[in-house]
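Fold the following.
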Amino acid sequence: MCDVPSVLHDLQPLLADHSAQPSGVVWRLAEGGRQLDANVLNLPAGQTIDNHAEPDLDVLLVIVAGSVTMGTETGLLTLVPGELVWLPRGSTRSFTAGTDGVAYLTVHQRRPGMQIRSSGLVRPAAANL
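Presented below is the predicted three-dimensional model:
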């Protein structure tokens, strides 16, 4: 575990031309002992992520390049670079990348890994999430 601040990744290449990046996760926080999970996702123009919800964790989302239309329970939001969005646990959302695609960062509390117990694979108690 790193116990001092450090630069983890340079987003400048992604910001310069995110359309050249593959679809999906293009970076993820992988340091051991961390309390957070973070990912940078890239979606090409028009690609969608169907309506879904995170039942257990709040998620912070930051648009870093392009634009996206996010569907919510109350309507559509068009998000552009620099906008920061809080996605409360249990809220539903869908995404449709804009005409130039979108790249965005998500950050949330780290989920504990699966543990082996006598009854098989189980997740720790919900209070530990």
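
Parallel or antiparallel, list what pairs with the longest strand along the chain.
Ranked by number of residues, the top strand in the chain under DSSP state E is strand 92-109. Strand 92-109 pairs in its sheet with strand 36-43 (antiparallel), strand 48-53 (antiparallel), strand 59-72 (antiparallel), by DSSP bridges.

could you point out which element follows the last one?
Using DSSP states H and E, the helix or strand that follows strand 59-72 in sequence is strand 75-79.

Given that following strand, what are its sheet partners and their directions?
Applying DSSP bridges, strand 75-79 is found paired with strand 59-72 (antiparallel).

then the strand it pairs with to CSV, C-alphas only?
The C-alpha trace of strand 59-72 is given here as CSV (Å, rounded to 0.1, in the frame of the first residue of the first chain):
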residue,chain,number,x,y,z
VAL,A,59,-21.2,7.0,-7.2
LEU,A,60,-19.5,10.2,-8.2
LEU,A,61,-19.2,10.8,-11.9
VAL,A,62,-17.1,13.4,-13.7
ILE,A,63,-17.3,14.0,-17.5
VAL,A,64,-13.7,14.4,-18.7
ALA,A,65,-14.2,14.5,-22.5
GLY,A,66,-17.1,14.5,-25.0
SER,A,67,-20.7,14.6,-23.9
VAL,A,68,-23.4,12.1,-22.7
THR,A,69,-27.1,12.1,-22.2
MET,A,70,-28.0,10.5,-18.9
GLY,A,71,-31.5,9.2,-18.3
THR,A,72,-32.8,9.4,-14.8
